[in-house]
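Engineer: Got a predicted structure plus its sequence, pasted below:
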Amino acid sequence: MALRLAEGTAWPDTLARAAAAVPEAFGAEVDGVSTLHNLIEGDWRGIGLSTPVRTPVDNTVLINLARLGAESARAAVSH
């Protein structure tokens with residue numbers, strides 16, 4: 001039995017809908033992969049160490065996520 005995704009649920013489709021809904025949450029592409037910003041104190045910010053998020057199915061990079069340090073993370077959560 002072959003893997004089959006429901007229409008519109010593939011990662012590129014899902015990412016495109018998210019980027020259309022909240023374009024300020026996404027930064028420039030790095031090596032063809034989008035970067036997701038962090039929501040800090042009500043603003044989307046491209047700060048943090050860019051780290052690839054991979055699918056466990058085939059290790060494909062889905063998106064680059066900016067990992068925050070402890071102080072920035074506390075500020076984001078406490079806001």
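Structural biologist: In hand now; what should we look at?
Engineer: Residue 44: what's it in contact with?
Structural biologist: 22, 24-25, 37-38 (Cβ atoms under 8 Å, 6 or more residues apart in numbering). Where you see a C-beta, it was placed from the backbone N, CA and C, and this is true even at glycine.
Engineer: Now, of the residues you listed, which are buried?
Structural biologist: 25, 37-38 (16 or more other Cβ atoms under 10 Å).
Engineer: Dump those residues into CSV; add distance to residue 17 and secondary structure as well.
Structural biologist: Shown next, in CSV, are the buried ones among the contacts of residue 44 (distance: Cβ to Cβ, whole Å; DSSP: H, G, I helix; E, B strand; the rest coil):
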residue, distance to residue 17, secondary structure
25, 12, helix
37, 17, coil
38, 20, strand
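Engineer: possible to save the contacts of residue 44 as JSON lines with distance to residue 6 and pLDDT?
Structural biologist: Output for the contacts of residue 44, formatted as JSON lines (distance: Cβ to Cβ, whole Å; pLDDT from 0 to 100):
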{"residue": "22", "distance to residue 6": "23", "pLDDT": "96"}
{"residue": "24", "distance to residue 6": "28", "pLDDT": "96"}
{"residue": "25", "distance to residue 6": "24", "pLDDT": "96"}
{"residue": "37", "distance to residue 6": "28", "pLDDT": "94"}
{"residue": "38", "distance to residue 6": "30", "pLDDT": "91"}
